[in-house]
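Engineer: Build the 3D model from these lines:
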Amino acid sequence: MQEKPSLEDTLSLMRDLRARCEWDAAQTHESLRPYLIEEAYEVDDAIRADDDTKLREELGDLLLQILFHSVLAEERGAFTMHDVAAGFIGKMRARHPHLYGNGARQSWEGMKAKKRASIVDGLPVDLPALHRAFRLQDRAAGVGFDWPDVDGPLEKVEEELLEVRDELVADPPPAPGSPPRYDAAHERLEAELGDLLFAAVNLCRKAHVHPAIALDKANVKFARRFGAVERLAAERGLVVGEASLAELDAIWDEVKAGE
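Structural biologist: Sure, this is the predicted structure:
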């Protein structure tokens with residue numbers, strides 16, 4: 001019976017590719033950066049699609065990136081894949097002192113906070129803004145800057161919404177079709193809307209909902225529903241770009257009711 005491939009087999013294959021494939025031999029940490037991000041997104045797409053076959057394949061592609069960077073580092077004498085594994089094991093054991101020692105269960109963010117000079121230390125600046133807001137709030141909570149429950153964030157959302165409303169009343173935005181303006185009023189509105197979004201992210205966090213996942217599902221739902229609106233409009237001889245809001249809204253309500 002043939003033995004199942006091991007992670008050591010994948011590492012050996014990666015070393016062989018570096019030695020004998022021109023494209024693989026030419027790559028550097030820098031040249032591989034776009035592929036790492038792309039593969040992570042493709043794994044995410046497979047999870048979203050609930051497609052196990054695709055997920056297995058995309059995890060393999062993501063593993064390729066991990067192996068690639070590890071072998072490149074090995075060639076430079078910086079570290080090896082085994083060092084990566086040792087670091088992973090050490091970190092997981094330290095993260096769970098109640099399972100791998102005699103320690104008490106602790107907050108991971110709380111433990112990490114003791115090693116950081118600031119909550120922004122080690123947080124990638126290129127993280128998507130929604131996820132970065134979530135992580136900043138999560139880290140702040142790790143040092144005790146947090147509401148005890150969802151009531152505080154909920155009140156903050158309501159407060160920020162009122163401030164947005166006040167700004168819109170004081171300086172209404174240009175009418176639809178007019179050129180946008182980038183003046184002091186626009187900057188104030190932008191700041192207030194940013195505060196509202198940040199507060200909404202915090203409400204999600206306290207409710208144990210990741211805002212990026214919640215928004216992604218809302219995007220999928222909207223696209224599905226509006227696609228149905230477009231199909232029904234076409235069946236009824238309506239052109240979406242020319243139909244009235246009342247007509248489209250009626251079809252939208254029909255689609256929602258049908259779900």
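Engineer: separation between Asp146 and Ala26?
Structural biologist: 48 Å (Cβ to Cβ, to the nearest Å). Just so you know, the C-beta spots here come from the backbone N, C-alpha and C atoms, and that holds for glycine as well.
Engineer: correction: Leu196
Structural biologist: Here Leu196 is placed at a distance of 48 Å from Ala26 (Cβ to Cβ).
Engineer: Do you have the strands of this protein handy? List them.
Structural biologist: With DSSP state E, there are no strands along the chain.
Engineer: Okay, domains of this structure per the record?
Structural biologist: 7-106, 147-209, 214-258 (automatic domain parsing).
Engineer: what sits up against the worst-scoring helix or strand of the chain on mean pLDDT?
Structural biologist: Taking mean pLDDT, DSSP states H and E as the measure, the helix or strand of the chain with the lowest value is helix 108-113, at a mean of 77. With Cβ atoms under 8 Å, 6 or more residues apart in numbering as the test, helix 108-113 has contacts from Ala94, Arg95, Ile119, Asp138, Arg139, Ala141, Gly142, Val143.
Engineer: Stretch 138-157 now?
Structural biologist: By Cβ under 8 Å, 6+ apart, the residues outside stretch 138-157 that reach it are 107-110, 112-113, 116, 119, 123, 137, 196, 199-200, 202-203, 205-207.
Engineer: Tell me which stretches of the stretch 151-259 of the chain form helices.
Structural biologist: 151-170, 184-206, 211-235, 245-258 (DSSP state H, counting those that start in this stretch).
Engineer: Just say which of those is most tucked in.
Structural biologist: Of all the helices of the stretch 151-259 of the chain, helix 184-206 has the most neighbours on average by mean count of other Cβ atoms under 10 Å, namely a mean of 17.
Engineer: Can you give me every residue that contacts Met81?
Structural biologist: Met81 neighbours (Cβ under 8 Å, 6+ apart): Leu11, Leu67, Ser70, Val71, Glu74.
Engineer: Once you drop chain neighbours, what's closest to the last one?
Structural biologist: Of all residues beyond its chain neighbours, the one nearest Glu74 is Thr80 (4.7 Å), with distances taken as Cβ to Cβ, 6 or more residues apart in numbering.
Engineer: Next, the closest residue to Ala207 other than its chain neighbours: phi, psi?
Structural biologist: Nearest residue to Ala207, sequence neighbours excluded (Cβ to Cβ, 6+ apart): Val150, at 5.5 Å. Dihedral angles of Val150 (phi, psi; degrees, to the nearest 10) stand at phi -80, psi -10.
Engineer: Tell me how many other residues crowd Val150.
Structural biologist: 15 (other Cβ atoms under 10 Å).
Engineer: next one: Gln137
Structural biologist: 22.
Engineer: Contacts only, for it.
Structural biologist: Contacts of Gln137 (Cβ under 8 Å, 6+ apart): Asp146, Val201, Asn202, Arg205.
Engineer: Kindly recompute the last result at 6 Å.
Structural biologist: By Cβ atoms under 6 Å, 6 or more residues apart in numbering, Gln137 lies in contact with Asn202, Arg205.
Engineer: what's the spacing between it and Asp216?
Structural biologist: 19 Å.
Engineer: ok, now Ala113?
Structural biologist: Computed as Cβ to Cβ, the Ala113 to Asp216 distance reads 29 Å.
Engineer: shaky segments in the stretch 101-250 of the chain?
Structural biologist: Scanning the stretch 101-250 of the chain for pLDDT under 70 picks out nothing.
Engineer: Dump the helices of the stretch 151-259 of the chain to TSV, plus distance to Arg18.
Structural biologist: Below are those laid out as TSV (distance: least, Cβ to Cβ, whole Å):
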stretch	distance to Arg18
helix 151-170	50
helix 184-206	42
helix 211-235	35
helix 245-258	53
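Engineer: wait, doesn't His131 sit right on Ala212?
Structural biologist: Yes - using Cβ atoms under 6 Å, His131 is in contact with Ala212, at 5.2 Å.
Engineer: Give me the nearest residue to Val229, chain neighbours excluded.
Structural biologist: Leaving aside its chain neighbours, Val229 sits nearest to Ile251 (4.9 Å; criterion: Cβ to Cβ, 6+ apart).
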